[in-house]
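A.B. asks: got a predicted structure plus its sequence, pasted below:
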Amino acid sequence: MTSTAVASDSGEDLAVVVDQASMTYRIRSSSEHLREDSGRWSRRFKRVTGSGWATVHALDSLSFVVTRGESVGVIGTNGSGKSTLMKLLTGKIRPTTGEVYATSTPVMLGVNAALVKDLSGRENIRLGCLAMGLSPQQTTEKFEMIVELSGLRESLHLPLKSYSSGMASRLQFAIATAVDPDILIIDEALNTGDAQFRSRTKKRLDEVREQAGCVFLVSHSLGTIRQMCTRVLWIEQGQLLADGDPDWVTDQYREYTEHQATGRRRSAEIAYQRTRMHLDSVQVDWVPGTRPTRAG
């Protein structure tokens, strides 16, 4: 495994830097009193109350750098740590160890564009744009673009509660990208919709990247990842297992998950370790004065 040092003479091309970031949770556990390393009186108390504390390592130490103009897919099986990583990137939670830096506050689809079920699609567009800081005039200017991207022109008069989950996701995506975000994070929102919608979203993501922004896309759809992304991170068991070409990484992921699904654990472990061998470790070194702003 090759160690790669990342240094910057100018922070202009950087968008996100994750430097040895990890996340550990402490949660209450009714079975923690069975641990042998607990004190005698502590174990007795826990037997009575049925309570204790368990440590969950959601993410091991991760390091990677994302530059402007990249579209980064994030894949991994359920519970692998993808959502935790997205929370670290947005600054919603702080890492237990290490640091996460960003050149601007990331916009997470579904957070900055909250929708109101009792309002119509048209009213949600206006409210969502205003909530993200656009002026009434800017909202009017962006309105047609949002409608075109969502593909929901015929349903704008209907209340959001009558929309399917796919329709709501499409509207949400269209609103969230109206502000030309510098760093956009999309979590599972593009798995719905027809081929025309996927084509429109790819075009919009390309526009975001061309404007010196970057995109993180979390998805279980490997086809979407291949189509939309220039690079893929594979997070598995809290570890960064792969970081590279979308075709290669998704091929390794598909092999691993197929072995897992059919109970071939030994084959899955071989695929896991083989993939891990191709990952270069990253050490982040900063030239004085070039460190970007922390996320959040």
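C.D. replies: Good, I have the coordinates. Residues are numbered from 1 along each chain as shown.

A.B. asks: now the helices for the chain?
C.D. replies: In the chain, the helices defined using DSSP state H lie at 40-49, 82-90, 121-131, 136-150, 165-176, 195-210, 222-228, 246-261, 265-277.

A.B. asks: measure how the fifth one sits relative to helix 136-150, angle-wise.
C.D. replies: When you say that, I think you mean helix 165-176. 140 degrees (axes from the mean of the first three to the mean of the last three C-alpha atoms, to 10 degrees).

A.B. asks: circling back: okay if I get the helices of the chain as TSV plus distance to Gln20 and mean pLDDT?
C.D. replies: Where you see a C-beta, it was placed from the backbone N, CA and C, and this is true even at glycine. Supplementary listing: the helices of the chain in TSV, determined by distance: least, C-beta to C-beta, whole Å; pLDDT from 0 to 100:
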stretch	distance to Gln20	mean pLDDT
helix 40-49	32	50
helix 82-90	12	91
helix 121-131	35	90
helix 136-150	38	92
helix 165-176	30	83
helix 195-210	27	74
helix 222-228	26	87
helix 246-261	22	95
helix 265-277	18	92
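
A.B. asks: now those helices as TSV including mean neighbour count and distance to Val72?
C.D. replies: Shown next, in TSV, are those (neighbours: other C-beta atoms under 10 Å; distance: least, C-beta to C-beta, whole Å):
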stretch	mean neighbour count	distance to Val72
helix 40-49	12	43
helix 82-90	22	10
helix 121-131	20	25
helix 136-150	16	21
helix 165-176	22	17
helix 195-210	15	10
helix 222-228	18	10
helix 246-261	17	10
helix 265-277	14	17
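
A.B. asks: can you put those helices in a markdown table and add distance to Leu240?
C.D. replies: Formatted as a markdown table, the helices of the chain follow (distance: least, C-beta to C-beta, whole Å):
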| stretch | distance to Leu240 |
| --- | --- |
| helix 40-49 | 35 |
| helix 82-90 | 9 |
| helix 121-131 | 33 |
| helix 136-150 | 32 |
| helix 165-176 | 26 |
| helix 195-210 | 22 |
| helix 222-228 | 16 |
| helix 246-261 | 11 |
| helix 265-277 | 9 |
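
A.B. asks: out of these, flag the one nearest Tyr25.
C.D. replies: Distance to Tyr25, taken as C-beta to C-beta, is lowest for helix 82-90 among the helices of the chain, at 8.7 Å.

A.B. asks: OK, contacts around the nearest residue to Leu222 once chain neighbours are set aside?
C.D. replies: Distances taken as C-beta to C-beta, 6 or more residues apart in numbering place Thr250 nearest to Leu222, at 4.5 Å, with adjacent residues excluded. By C-beta atoms under 8 Å, 6 or more residues apart in numbering, the contact list for Thr250 reads 75, 222, 225-226, 232.

A.B. asks: list the contacts of the residue nearest to Val74 when sequence neighbours are not counted.
C.D. replies: Counting by C-beta to C-beta, 6+ apart, Val218 is the residue found nearest to Val74 once chain neighbours are left out, at 4.6 Å. The neighbours of Val218, taking C-beta under 8 Å, 6+ apart as the test, are 73-75, 82-83, 86, 185-188.

A.B. asks: for ChimeraX, write the select line for the buried members of those.
C.D. replies: Command for ChimeraX, covering only those of the contacts of Val218 found buried under the criterion 16 or more other C-beta atoms under 10 Å:
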select :73,74,75,82,83,86,185,186,187,188
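
A.B. asks: out of the contacts of Val218, which one sits closest to Asp285?
C.D. replies: Of the contacts of Val218, the one sitting nearest to Asp285 (C-beta to C-beta) turns out to be Val74, at 24.6 Å.

A.B. asks: quick check: bridge partners of that closest one?
C.D. replies: Beta-bridge pairing for Val74 (DSSP bridges): Val218, Leu233.

A.B. asks: wait, it sits on Leu240?
C.D. replies: No. Between Val74 and Leu240 there is no contact under C-beta atoms under 8 Å: 10.2 Å.

A.B. asks: hmm, back to that, any chance of the contacts of Val218 in JSON lines, with distance to Ile125 too?
C.D. replies: Listed next are the contacts of Val218 as JSON lines, based on distance: C-beta to C-beta, whole Å:
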{"residue": "Gly73", "distance to Ile125": "28"}
{"residue": "Val74", "distance to Ile125": "28"}
{"residue": "Ile75", "distance to Ile125": "31"}
{"residue": "Lys82", "distance to Ile125": "29"}
{"residue": "Ser83", "distance to Ile125": "27"}
{"residue": "Met86", "distance to Ile125": "25"}
{"residue": "Ile185", "distance to Ile125": "21"}
{"residue": "Ile186", "distance to Ile125": "18"}
{"residue": "Asp187", "distance to Ile125": "21"}
{"residue": "Glu188", "distance to Ile125": "22"}
